[in-house]
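# could you work out the structure for the sequence below:
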Amino acid sequence: MNTAQQSARVGLFFLLGIALTWVTWETLSDGKLFKKNGYTLIAGFENLRELKQGDEVRLAGVKVGAVAQTRLAGRRAEAVLRIDPGVRIAADATASIVMAGLIGTNYIGLDLGTPGAPALADGAELRTKVTPDLNAIMSDLGNLGQKLDGALSSLTASMGGDAKNPGLFQKLDRLVTDNSAKIDTTMTNLASVTEKLNKGEGTLGRLINDSTVHDQLVATVIEIKGVATEAKTFVANAQAIVDQVKMGKGTLGALIFDETAGNDIKVVAANLRDISQKLAKGEGTLGKLLNDDSLYLGVQSTLKKADRAIDGLGDTGPITAVGVAAQVLF
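Numbers count the residues shown, from 1 in each chain. All right, here's what the predicted structure looks like:
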């Protein structure tokens, strides 16, 4: 092999090495060797969950950047995101760590936010939310499996039991054995009852087999419905009367709601109260008749004199009798 061929081969391998180096660099730099850097955003989490530099940033499922750096910031972990230039991230967009698959890497998922929201500036911080972690889910499933295993073990122990503490099945078997005679009697009684029902004996048997009783029961129900309808009508009429009274219609409504009628009743009541007070005090002719004994005694004396005068008239003439009566009275 001459020197020219060796030189050509060395040059070819050199070019091939440069090409491999360029492909490797493009892959590691996320294909941004000849692109602008874009701008950065900060996303803070309690746990980055194996998120590392170079993992993708996706907006609504579309790759728009990559994780430029991961770091600790006090009591939380932060991911510095490099967003492609020209991609607009809404100020109310939310970032979360999403698992690409059971064996895939994690990535940062962004939602679109609300329409019309302003865009985040370079160095701004994103809102974040915590999503379920596969490890946490598997741990919870493991705990759930342990609890189910314990519950099944307890259930098996309670069902099976042992020589000292009989289980549920053993107790049921003993219960059936001890009460077999009672169970047989109960079944016999049930058979007798069902036989009587089939024959139409007893009240329940007649209800089941006798169509006449059924028709009477239906008629009774119809009558009850009619009474209920009449009751509803009565209630409706009563409500109409109450409504008319509330509106001041009719005598009762006028008495309750008419102010003039109410005032007249008050005046009459006041007059009656005054009359009763005067009668009680003996005022006026009727009051004196009710309260003054002298008038009663005078009237009684006059009546006695008139009675004696009439007895003494005898056979006197009418004129003489009138004169004698007047003389006795006056």
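# how about stretch 38-58, which residues are buried there?
The neighbour-count check on stretch 38-58 (16 or more other CB atoms under 10 Å) flags 38-39, 41-45, 48-49, 51, 55-58 as buried. C-beta: built from backbone N, CA, C; applies to glycine.
# same question for it, mean pLDDT?
For stretch 38-58, the mean pLDDT works out to 90.
# excluding its backbone neighbours, what's nearest His55?
Heads up, residue 55 is Asp, not His. Nearest non-adjacent residue to Asp55, counting by CB to CB, 6 or more residues apart in numbering: Val67, 4.6 Å away.
# and this protein, what are its domain boundaries?
If you go by automatic domain parsing, the domain ranges for the chain are 1-35, 37-130, 167-209, 259-291.
# who wins for proximity to Leu155 among these?
Nearest of the domains of the chain to Leu155, taken as CB to CB: domain 167-209 at 9.4 Å.
# the closest one: how far from the chain's middle?
Chain-centre distance of domain 167-209: 44 Å, with CA atoms, centre = their mean, to the nearest Å.
# hang on, the earlier thing: across the sheet, point out what pairs with the residue nearest to Asp55.
Legend: beta-bridge partners of Val67 under DSSP bridges are Leu81.
# can you add distance to Val218 and give the domains of the chain back as JSON lines?
Listed next are the domains of the chain as JSON lines, based on distance: least, CB to CB, whole Å:
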{"stretch": "domain 1-35", "distance to Val218": "85"}
{"stretch": "domain 37-130", "distance to Val218": "66"}
{"stretch": "domain 167-209", "distance to Val218": "12"}
{"stretch": "domain 259-291", "distance to Val218": "53"}
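# weakest of those domains in terms of mean pLDDT?
domain 1-35 (a mean of 70).
# okay, helices next: where are they in the stretch 1-150 of the chain?
3-28, 134-160 (DSSP state H, counting those that start in this stretch).
# what helix or strand is the residue nearest in space to the middle of the chain on?
Closest to where the C-alpha atoms of the chain average out (CA atoms, centre = their mean) is Lys232, at 30.9 Å. If you go by DSSP states H and E, Lys232 is part of helix 211-246.
# quick one: list the elements packing against that helix.
The contact analysis (3 or more CB pairs under 8 Å, 6 or more residues apart in numbering; DSSP states H and E) places helix 211-246 against helix 202-209, helix 250-257.
# the first one vs helix 211-246, what angle?
It stands for helix 202-209. 90 degrees (axes from the mean of the first three to the mean of the last three CA atoms, to 10 degrees).
# closest to Arg82 out of the buried residues of stretch 38-58?
Using CB to CB, the buried residues of stretch 38-58 come closest to Arg82 at Gly38, 5.7 Å.
# what's near enough to touch the closest one?
Gly65, Arg82, Ile83, Asp84, Pro85, Val87 (CB atoms under 8 Å, 6 or more residues apart in numbering).
# distance of it from Pro85?
4 Å (CB to CB, to the nearest Å).
# before we move on, what about Ala73?
The separation that Ala73 has from Pro85, given CB to CB, amounts to 26 Å.
# ok, Leu126 next?
On the measure of CB to CB, Leu126 and Pro85 end up 18 Å apart.
# before we move on, what about Lys232?
Lys232 is 79 Å from Pro85, by CB to CB.
# try Glu230
Distance from Glu230 to Pro85, by CB to CB: 86 Å.
# and what of Thr260?
With CB to CB as the criterion, Thr260 and Pro85 are 91 Å apart.
# same deal with Ala93?
For Ala93 relative to Pro85 (CB to CB), the value is 17 Å.
# which one of those two has more residues nearby?
Neighbour tally, Ala93 and Pro85, criterion other CB atoms under 10 Å: the higher count belongs to Ala93, 20 against 10.
# which non-adjacent residue is nearest that one?
Gly113 (4.0 Å).
# enumerate every residue touching that neighbour.
Residues in contact with Gly113 (CB under 8 Å, 6+ apart) are Ile89, Ala90, Ala91, Asp92, Ala93, Thr94.
# the same query, at a cut-off of 6 Å, please.
Ala90, Asp92, Ala93 (CB atoms under 6 Å, 6 or more residues apart in numbering).
# give the phi and psi angles for it, as a check.
Dihedral pair for Gly113: phi 80, psi -170, per degrees, to the nearest 10.
# from Gln53, how far out is it?
From Gly113 to Gln53 the distance is 26 Å (CB to CB).
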